[in-house]
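1. Provide a 3D model corresponding to the input given below.
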Amino acid sequence: MLKSLMIFSLTLWSFFMAAQDFKIDGTINGLNAENVYLMRVMGQNRSIVDTAFADNQGSFTFDLGENTEPGLYAVVFGKTQMVELIVNGENIRFVYGGPGNSPVQIIESVENLIYYDYLFLKTYNQYKMELLEPLLQQYPDDDPFYTEILKEYNRLGQEIEDRVQVLTTENPNTLAAHFILVDSPLLTDPTQPENKRKDFQKTHYFDKTDFSDTLLMRSNILTSKIIAYLSLYQEPNQTQEQMENNLLVAVDTILEKAVVDQQVYEFVVAFLVDGFEAVGFEKGLEYLATHNQLEQFCENTERKAELENKMELIKKLAIGKTAPDFTATTLSGEEVRLSEIKAEKTLLVFWASWCPHCDEILPEIKKMYDPLNTSGLQIVGISVDEFSEDAQKAVAEGDYNWINIAAGKGWDGPVVLEYGIAATPTIFVLDENKTIVAKPLNIRDLKMALD
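-> This next block holds a predicted model:
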């Protein structure tokens, strides 16, 4: 039956389905009268597009309109559990036994029958190959059994490659074919030393990745592949500087590959910026800001403009730059100017009363602060609350007796916009000349920066 589905011509089918409503019917064992969410996957980001209610048998339905954009979606349930599905204008019906039980069973949906046929084989064969790898590294290679192990390892890998070839060539008009080709694992010679295998992967990792394929942006396939590629450049016993320099080599390769298409390039650059910001990789951010090729694209897209503004902001707020000066009115009604603060170190702390991480880090910062001796350390707390009253209440409850600014404009506060703040808490450490010397992500990094 699957073979007949593989050779089924999807061009005519897609034509008839394109203008129709469709639905997702699912049954997940263990669910009992609770909400289930359908989330659209775009890179590593997910956004809720619909909510359904699972009955006592764990069954639910999402009714989707003809304007639902095709791509990879996730049916999310419980705290962190999900089932990924390709949505492309067709009815989908599946059953899932839950973690540790039977795998996802696709009952209806050509796209997902193809996709899960690949996923099942890849997952199962890679699991067996991982079990065989230690034997190939340790077993005597002159023993006949070694030959049998190697033969089985290669057979498992070849089976994956053959299945990818069949599924993608016989179903070229499916999203599944696009995703499978890029996701397919790069196999290396298990008899080679680890360093040679890794060098081979660095050279050939993107051989099957078409960076001009904009459909890849409708999933996490490309971004997951980029993450895995970056991990190839992280070695044990590296210094921080060595690791960062190696990662920049990987970034160069990724940017060179992605420059063939403007949409994909913007997508990749935005993904790298978000990721580097999340882990505090300042050198990577500065490298992206100075080495991107956005200017070579003629089309002035909204994302391009946003990225160019972001790049300028990264350069402006780079370590070693003078922090942008500002004047603001404090919660106590006094006017303060950053450049006029006299202290060996100044902390700019962007926070919010509703931020749980702020509730954790602000009391720790308070332990470092002496309001009677601010010549060594002064703190400026800048709230991103939409109502200054909320900030005032949190300041009073926490007894944060440093300089407190709360414009009451949320993310649109003038200082917040000047510093491009997109998350809380965000901290800048400034020296006596108001030069940015650190951007710590946690209390440990903050203590190191102050020491």
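2. strands along the stretch 51-200 of the chain, start to end?
-> 59-64, 71-77, 81-87, 92-96, 105-108 (DSSP state E, counting those that start in this stretch).
3. most tightly packed of those?
-> Compared across these, strand 71-77 shows the largest average neighbour count, a mean of 22 (mean count of other Cβ atoms under 10 Å). In short, each C-beta sits where N, CA and C put it, glycine included.
4. adjacent strands (with direction) for it?
-> strand 34-42 (antiparallel), strand 81-87 (antiparallel) (DSSP bridges).
5. and residue 129, which of those strands is closest to it?
-> Closest to residue 129 of the strands paired with strand 71-77, according to Cβ to Cβ: strand 81-87, at 22.7 Å.
6. angle of that closest one against strand 59-64?
-> On the basis of axes from the mean of the first three to the mean of the last three Cα atoms, to 10 degrees, strand 81-87 is oriented at 40 degrees to strand 59-64.
7. okay, the angle between strand 81-87 and strand 92-96?
-> 160 degrees.
8. name the element residue 432 belongs to?
-> In this structure, residue 432 is located outside every helix and strand according to DSSP states H and E.
9. burial of residue 187, as a residue count?
-> 18 (other Cβ atoms under 10 Å).
10. excluding its backbone neighbours, what's nearest it?
-> residue 157 (4.3 Å; Cβ to Cβ, 6 or more residues apart in numbering).
11. dump the residue contacts of residue 363.
-> By Cβ atoms under 8 Å, 6 or more residues apart in numbering, the contact set of residue 363 is residue 398.
12. ok, now with 10 Å
-> 398, 399, 400, 443 (Cβ atoms under 10 Å, 6 or more residues apart in numbering).
13. helix or strand right after the helix or strand hosting it?
-> In this assignment (DSSP H and E), residue 363 forms part of helix 356-368. Using DSSP H and E, the helix or strand that follows helix 356-368 towards the C-terminus is strand 377-383.
14. which elements pack onto that next one?
-> Applying 3 or more Cβ pairs under 10 Å, 6 or more residues apart in numbering; DSSP states H and E, one finds that strand 377-383 makes contact with strand 345-351, helix 356-368, helix 388-398, strand 403-406, helix 414-418, strand 426-430.
15. one more time with 8 Å
-> In terms of contacts (3 or more Cβ pairs under 8 Å, 6 or more residues apart in numbering; DSSP states H and E), strand 377-383 is packed against strand 345-351, helix 356-368, helix 388-398, strand 403-406.
16. buried set for the longest one?
-> Counting neighbours by 16 or more other Cβ atoms under 10 Å, one finds that the buried residues in helix 356-368 are 358, 361, 362, 365.
17. angle of that helix against strand 345-351?
-> Going by the same axes, to 10 degrees, helix 356-368 makes 160 degrees with strand 345-351.
18. and helix 356-368, average pLDDT?
-> Taken as a whole, helix 356-368 has an average pLDDT of 94.
19. from the chain's centre, how far out does it sit?
-> Remark: helix 356-368 is offset 27 Å from the chain centroid, using Cα atoms, centre = their mean, to the nearest Å.
20. how about the first one?
-> Taking Cα atoms, centre = their mean, the mean C-alpha location of strand 345-351 is offset from the chain mean by 27 Å.
21. and of the contacts of residue 363, the nearest to residue 226?
-> Among the contacts of residue 363, and counting by Cβ to Cβ, the member closest to residue 226 is residue 443, at 30.3 Å.
22. tally of neighbours for the closest one?
-> Neighbour tally, residue 443, other Cβ under 10 Å: 16.
23. nothing else from me, thank you.
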